[in-house]
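Colleague: please find the sequence and the predicted model below.
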Amino acid sequence: MPMAPFFMKFPEVAARETRSIFVYNHDDLPDGEYGLLELYCNEKDCDCRRVIFNVVEAERPDKVLATINYGWESAKFYGKWGRNPALAKENKGPFLDPLNRQTQYAPALLRLFEEYILPDSAYIKRLKRHYEMFKQAVAAAAMPARNQNRFDGRRIGRNEPCSCGSGKKYKHCCGQKENAGIYF
């Protein structure tokens, strides 16, 4: 599942709504501001309902200190989605992503996430909204251009087979949908 940063598709929203944690006098972390950069799945047909956070220092946003994987659905959902009930519990809730490099600060950042971020139901709703926005943008980008063959970019004739693969003529399939509500 390829992940892409939320701010790449929605820079204005990300600038307003990216969450930060301010840390002072913490035993396991240096003082400072830590940003939670959201990444979402970039696959059109995937419905993983999760976010990956790259946790970075505000002063050094290029250095990822922890990668936290968070799935907000039930273990039952992830068992069905991943087709492996044994891994369902691991996919629910926050955990340090085993596929990404973690620093010595990662366990402390995960604890902060669990203690201060998860209880904020408004923020969890925001993550779900960001997920829906992102998935809609991915789906829209995957749609072929209007009245164009998706393979070679040429215009489709009305009586040619539709490029969606339905087997119908274009005028009785996607051409009809495109012209719905248009009057000449």
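Modeller: All right, it came through fine. Since we're looking at a predicted model, the values are computed, not measured.

Colleague: low-scoring stretches of the protein, by residue?
Modeller: 1, 82-90, 143-156, 163-167, 176-184 (pLDDT under 70).

Colleague: residues of the longest strand seen in it that come out buried?
Modeller: The residue-count maximum for a strand in the chain (DSSP state E) belongs to strand 60-71. Along strand 60-71, the positions that meet the burial threshold by neighbour count (16 or more other C-beta atoms under 10 Å) are 64-71. C-beta coordinates here come from the backbone N, C-alpha and C atoms, glycine included.

Colleague: quickly run through the sheet partners of that strand, with directions.
Modeller: Here strand 60-71 is paired, per DSSP bridges, with strand 50-57 (antiparallel), strand 93-96 (antiparallel).

Colleague: list of residues touching the longest one?
Modeller: By C-beta atoms under 8 Å, 6 or more residues apart in numbering, the surrounding residues in contact with strand 50-57 are 3, 5, 32-41, 62-72, 91, 97, 106, 109, 113, 127, 130-131.

Colleague: and the strands in this protein?
Modeller: 3-5, 19-23, 32-41, 50-57, 60-71, 93-96.

Colleague: which of those sits closest to residue 168?
Modeller: Ranking these by distance to residue 168, with C-beta to C-beta as the measure, places strand 32-41 first at 31.6 Å.

Colleague: the closest one pairs with which strands, and in what direction?
Modeller: Listed by DSSP bridges, the sheet partners of strand 32-41 and their directions read strand 3-5 (antiparallel), strand 19-23 (antiparallel), strand 50-57 (antiparallel).

Colleague: need the winner for burial among those strands.
Modeller: For those, the largest average neighbour count (mean count of other C-beta atoms under 10 Å) is found in strand 50-57, namely a mean of 21.

Colleague: residues contacting the residue most central in space within the chain?
Modeller: If you average the C-alpha coordinates of the chain and look for the closest C-alpha using C-alpha atoms, centre = their mean, you land on residue 40, 1.8 Å from that point. Applying C-beta under 8 Å, 6+ apart, one finds that residue 40 lies in contact with 3-4, 6, 51-52, 130-131, 134-135.

Colleague: what's the answer for residue 169, then?
Modeller: Taking C-beta under 8 Å, 6+ apart, we find residue 169 in contact with 158-162, 175.

Colleague: list buried residues within those residues.
Modeller: Buried residues within those, counting neighbours by 16+ other C-beta under 10 Å: 162, 175.
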